[in-house]
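Engineer: Compute the structure for the input listed below.
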Amino acid sequence: MGEFTMPSLGADMDEGTLVEWLVEPGAPIRRGDPVAVVETAKSTIEVECFESGTMGRPLVEPGTTVPVGTPLALIETAAGTRGKAGRARKPRKEPQGPPAPERTRPAEPAEPVRTREPVASEAPGHGHVEAGPLIRHLAEEGGVDLAALRGSGPGGRVTRADIERAAAAAPTARTPTARAPRARVTPLARRRAAELGVDLSSVAGTGKDAAIRAEDVSRAASGLAATPSPPPRTTAAVRASRPSEDQAPAMRRAIARLMSRANRDVPHYYLSTTVDMAVPMDWLHDRNRRSPMSERLLPAALLLKAAALAAHEVPELNGFWTDDRFTAGEGVHLGVAVSLRGGGLIAPVLRGADTLEVPALMSALKDLVSRARTGRLRGSEVSGATLTVTNLGDQGVETVFGVVHPPQVALVGFGRVVDRPWAVDGLLGVRPVVTVTLSADHRATDGAVGARYLTAVDRLLQNPEKL
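Structural biologist: I've put the predicted structure just below:
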């Protein structure tokens with residue numbers, strides 16, 4: 001048995017609010033699957049599970065705010081060990097008292113299961129089928145008769161693979177009059193639709209595999225014409241439909257706490273250099289002329305890749321200061337500062353940025369920025385950054401000196417690429433240049449290390465074809 005806990009999604013996070021569950025009790029889950037939506041002071045984030053097994057009973061109801069580390073739900077794992085989402089821990093002795101009801105097998109027919117709906121395979125004339133709610137839903141979507149299947153799972157339980165094999169074996173089994181498959185709907189979305197009077201068939205889902213989430217229902221409700229005496233909206237519904245209004249004050253407080261601590265506890269030093277961008281900009285323009293519009297690159301992609309490769313060369317700036325010592329990061333994971341439309345900022349993570357090809361890095365950056373601004377990031381995308389980059393060039397800023405985000409030890413800033421008088425081989429001309437800055441923790445490094453880093457960024461940008 002495992003525990004799915006409220007994760008820590010940043011050094012400034014002390015608590016979070018469970019917004020909705022994305023899976024129902026009894027549904028199989030795999031490591032990395034998003035299982036819940038959590039609201040922090042900065043954003044609404046999909047949180048993944050780091051154990052495979054079966055979703056057990058929830059311990060916290062949507063709309064509840066709990067501290068980091070609080071168990072949110074139980075997870076039935078194959079090994080039967082108890083651990084936290086995101087990290088393993090040693091087995092512990094279970095508390096004394098009556099054992100929790102087993103969820104690996106459905107209840108006897110005489111004892112109704114909460115939140116279960118009658119399904120066709122349990123109608124009179126059909127045998128009892130060992131299958132969870134998600135499996136029954138997949139069977140209904142695929143037009144598979146559960147009663148005709150022999151499950152390959154433990155105790156004859158029907159698995160996802162059984163459903164997929166059966167659906168593939170009879171692709172033409174449906175008749176033209178067969179009912180169209182229902183869209184996937186999360187439990188909270190179904191409840192909210194009932195509260196707000198929203199027809200789920202008219203709602204477009206934005207979740208995984210087009211699943212309808214609570215926020216989709218809230219958006220649909222906000223577009224409906226006003227009706228007399230509408231049902232009262234829950235706190236969670238109001239929060240989901242107005243994230244920028246509700247979250248902005250909390251975000252400012254969270255940023256204030258973290259930045260105050262960073263300025264108080266981190267002895268900063270600052271360095272700056274100006275990089276000639278003529279060669280990389282020429283390379284970029286030539287490449288973009290030969291590429292379709294969807295594959296064209298922005299200067300930010302080259303700057304980020306150079307920052308990541310330089311961090312690989314100078315690992316003293318890529319890591320964390322904890323327990324009065326520096327620990328190098330395992331890989332170069334760039335936190336990219338993104339300004340949010342409702343105010344504030346968040347720094348989603350480009351993992352393994354030094355290993356990504358520039359086009360792949362550009363694509364990942366666009367995806368992260370888009371989802372950060374619509375509140376659709378996952379938990380693994382907002383934690384674990386080893387170095388943060390801020391780029392205010394698109395705002396017209398030429399120089400930015402940032403504040404180190406503890407426990408990281410450095411922050412890189414890029415300004416706008418501007419034309420300036422520049423001497424090359426003794427001849428004065430006009431060249432595009434960019435100002436690159438470094439804010440670093442003096443406890444971990446000195447100015448000489450920072451200078452090596454900025455020199456590496458300059459050198460790498462002069463060879464854009466090798467980035």
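Engineer: Please make it C-alpha for all contacts and neighbour counts, starting now.
Structural biologist: Noted.
Engineer: Quick check: residue 205 touching residue 213?
Structural biologist: Yes: with contact defined as C-alpha atoms under 8 Å, residue 205 reaches residue 213; the gap is 6.4 Å.
Engineer: and those two? which has more neighbours close in?
Structural biologist: More neighbours surround residue 213 than the other of residue 205 and residue 213, with 26 against 19 (other C-alpha atoms under 10 Å).
Engineer: In contact with the more buried one, which residues are there?
Structural biologist: The contact partners of residue 213, taken as C-alpha atoms under 8 Å, 6 or more residues apart in numbering, are 22, 185-186, 188-189, 205-207.
Engineer: ok, now which ones touch the nearest residue to residue 437 once chain neighbours are set aside?
Structural biologist: Spatial nearest neighbour of residue 437, excluding adjacent residues (C-alpha to C-alpha, 6 or more residues apart in numbering): residue 272 at 4.3 Å. By C-alpha under 8 Å, 6+ apart, the residues touching residue 272 are 435-438, 454.
Engineer: hang on, the earlier thing: just the buried residues out of the contacts of residue 213, in ChimeraX syntax.
Structural biologist: Buried residues among the contacts of residue 213 (16 or more other C-alpha atoms under 10 Å), as a ChimeraX selection:
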select :22,185,186,188,189,205,207
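Engineer: Could you work out the most separated pair of the contacts of residue 213?
Structural biologist: Spatially, the most separated pair among these is 188 and 206, at 14.5 Å (C-alpha to C-alpha).
Engineer: Kindly indicate whether residue 164 is helix, strand or coil.
Structural biologist: helix (DSSP: H, G, I helix; E, B strand; the rest coil).
Engineer: Number of residues surrounding it?
Structural biologist: Neighbour number of residue 164 under other C-alpha under 10 Å is 14.
Engineer: need the contact list for it.
Structural biologist: Under the criterion of C-alpha under 8 Å, 6+ apart, residue 164 has no contact partners.
Engineer: coming back round to it: now, which of the contacts of residue 272 lie within strands?
Structural biologist: Among these, the residues falling in strands (DSSP state E) are 435-438.
Engineer: okay if I get those residues as a markdown table plus pLDDT, neighbour count and distance to residue 197?
Structural biologist: Listed next are the ones in strands among the contacts of residue 272 as a markdown table, based on pLDDT from 0 to 100; neighbours: other C-alpha atoms under 10 Å; distance: C-alpha to C-alpha, whole Å:
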| residue | pLDDT | neighbour count | distance to residue 197 |
| --- | --- | --- | --- |
| 435 | 97 | 20 | 54 |
| 436 | 98 | 25 | 53 |
| 437 | 98 | 24 | 53 |
| 438 | 98 | 26 | 53 |
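Engineer: With distance to residue 361 added, can I get those residues in CSV?
Structural biologist: Formatted as CSV, the ones in strands among the contacts of residue 272 follow (distance: C-alpha to C-alpha, whole Å):
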residue, distance to residue 361
435, 22
436, 20
437, 21
438, 22
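Engineer: between those residues, which is nearest residue 56?
Structural biologist: Nearest to residue 56 among those is residue 438, at 47.2 Å by C-alpha to C-alpha.
Engineer: tell me which element residue 55 falls in.
Structural biologist: strand 53-58 (DSSP states H and E).
Engineer: which strands and helices sit next to that strand?
Structural biologist: Strand 53-58 makes packing contacts with strand 28-29, strand 71-77 when contacts are defined by 3 or more C-alpha pairs under 8 Å, 6 or more residues apart in numbering; DSSP states H and E.
Engineer: how close does residue 413 get to residue 345?
Structural biologist: 15 Å (C-alpha to C-alpha, to the nearest Å).
Engineer: now swap in residue 262 and tell me
Structural biologist: On the measure of C-alpha to C-alpha, residue 262 and residue 345 end up 16 Å apart.
Engineer: repeat for residue 38
Structural biologist: Look at residue 38 and residue 345: by C-alpha to C-alpha, they are 17 Å apart.
Engineer: Between the two, which is the more surrounded one?
Structural biologist: More neighbours surround residue 38 than the other of residue 38 and residue 345, with 26 against 20 (other C-alpha under 10 Å).
Engineer: What residues are bridge-paired with that one?
Structural biologist: Counting by DSSP bridges, residue 38 is bridged to residue 18, residue 45.
Engineer: cool, and residue 77?
Structural biologist: Residue 77 has these beta-bridge partners by DSSP bridges: residue 53.
Engineer: Thought residue 52 was touching it, still the case?
Structural biologist: Yes: using C-alpha under 8 Å, residue 77 is in contact with residue 52, at 6.2 Å.
Engineer: These two - which one has more neighbours?
Structural biologist: Using other C-alpha under 10 Å, the more surrounded residue of residue 77 and residue 52 is residue 77, with 21 against 18.
Engineer: Break this protein down into its structural domains.
Structural biologist: By the assignment in automatic domain parsing, the chain contains the domains 187-233, 267-466.
Engineer: among those domains, which is the most enclosed?
Structural biologist: Highest mean neighbour count among the domains of the chain (mean count of other C-alpha atoms under 10 Å): domain 267-466, with a mean of 19.
Engineer: how far is that domain from where the chain is centred?
Structural biologist: Its chain's C-alpha centre and that of domain 267-466 lie 21 Å apart, by C-alpha atoms, centre = their mean, to the nearest Å.
Engineer: Determine how far the last residue of it lies from the first.
Structural biologist: Taking C-alpha to C-alpha, the first and last residues of domain 267-466 lie 35 Å apart.
Engineer: Please apply the same query to stretch 350-359.
Structural biologist: One end of stretch 350-359 to the other measures 13 Å (C-alpha to C-alpha).
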